[in-house]
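Chemist: Sequence first, predicted coordinates after that:
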Amino acid sequence: MSRSDEARVSNPVRGSGHGEPAGMRAAATRRAGSGAIQPGVKSVQVGLRVLAALAAAYRPMMLSELAKAVAMPSAKVHRYLASLSRAGIVEQEGPGGRYGLGPLALTLGLSALHQLDHVRVAGAAMAALRDRTEQTGLVAVWGSAGPTIVRWEECRRPVAVNMRVGSVLRLLDSATGLVFVAFLPRHVTEGLLASEMRGRDAAQVEERLAEVRARKMARVRGQQMASIHALSAPVFDHTGALVAVMTLLGPETHFDATWDGPLAAALRDAAGEASARLGAAIPDAPASSARPPGAGHPHMT
């Protein structure tokens, strides 16, 4: 694991201002919203404020700098750092040196990542996306039979498709399948892919997959289902592996399948947020105006 990977794992919150970083504020908001605020140990809460500020910095900090970040006296912060250091959550770079996250912090971060359920994370993101776009959506994972729907989020406007949870999608005729073929190792998909390659031009298929990788998105317009358009985007975990695909679909009369349209932008953002929630490092999205190899060919639609 690289140092940058360690930083992402060990520093799950990035806040601004003084006192409580974003993650702690969000947790407090959730507690307040539930109407059930449980009593806690104040010293532990203060220590976690110090730890969260150190995590949010994404780099080691001097004592005075850390004290300023949490708006506490340096002597008080030092006492908490001493306890956190003894526990292995914090470590100091020699006497008088900067404080950084210790090995236990890395262990905690990795454990949190392993406990995340990518279906739950992607499913929650898809449900929110359905409400925001008023389009039907699905989440699929790779199963023994291929791309398998595990979440189906139907909007108020019915979509006449014969798909539900458990349905298996084709690889080359569905946007969902194209994303799996583009981002999974080829040895994972080659068995099923071979059966769909009959009568197809291999060079055109590879060109299409190259476009999916370049755009981080696939689309189909009336291929697997007549008059139904779909857009799909990948969801990655902290190792960079594809773990799920999020898809929006709808009738052509109510579905904007353009690469730079609002649905594509909303889906790209939602899939990126789900990936970030799973610990993935998400690079900047490619410009919608970019023309990857093969863009504009009839078979690319």
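Modeler: Structure's in. What do you need?

Chemist: Would you mark the buried spots in stretch 199-216?
Modeler: 205, 207-209, 211-212, 214-216 (16 or more other C-beta atoms under 10 Å). Using the backbone N, CA and C atoms, a C-beta is placed for each residue, glycine as well.

Chemist: Show me which of those is closest to residue 175.
Modeler: Distance to residue 175, by C-beta to C-beta, is smallest for residue 212 among those, at 8.7 Å.

Chemist: Return the list of helices and strands in contact with the helix or strand encompassing the closest one.
Modeler: Using DSSP states H and E, residue 212 falls within helix 202-215. With contacts defined as 3 or more C-beta pairs under 8 Å, 6 or more residues apart in numbering; DSSP states H and E, the packing partners of helix 202-215 are helix 175-183.

Chemist: Could I get the CA-only coordinates of the helix or strand just after the helix it packs on as PDB?
Modeler: Where DSSP H and E defines the elements, the next helix or strand beyond helix 175-183 is helix 186-196. Provided in PDB are the C-alpha atoms of helix 186-196 (Å, rounded to 0.1, in the frame of the first residue of the first chain):
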ATOM      1  CA  ARG A 186     -10.700 -10.200 -19.000                       C
ATOM      2  CA  HIS A 187     -10.300 -13.700 -17.600                       C
ATOM      3  CA  VAL A 188     -13.400 -13.100 -15.400                       C
ATOM      4  CA  THR A 189     -15.600 -12.300 -18.400                       C
ATOM      5  CA  GLU A 190     -14.100 -14.200 -21.300                       C
ATOM      6  CA  GLY A 191     -16.200 -17.300 -20.900                       C
ATOM      7  CA  LEU A 192     -19.500 -15.400 -21.100                       C
ATOM      8  CA  LEU A 193     -18.100 -12.900 -23.600                       C
ATOM      9  CA  ALA A 194     -17.200 -15.600 -26.100                       C
ATOM     10  CA  SER A 195     -20.800 -16.700 -26.400                       C
ATOM     11  CA  GLU A 196     -21.900 -13.100 -27.300                       C
END
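
Chemist: Show me what counts as buried in stretch 125-139.
Modeler: Judged by neighbour count using 16+ other C-beta under 10 Å, the buried positions of stretch 125-139 are 125-126, 128-130, 133, 135-139.

Chemist: From start to finish, how long is that stretch in a straight line?
Modeler: 10 Å (C-alpha to C-alpha, to the nearest Å).

Chemist: Residues touching that stretch, excluding its own?
Modeler: Here stretch 125-139 makes contact (C-beta atoms under 8 Å, 6 or more residues apart in numbering) with 119, 122-123, 149-157, 159, 163, 176, 244-250, 254-255, 262-263, 266-267, 270-271, 273-274, 277.
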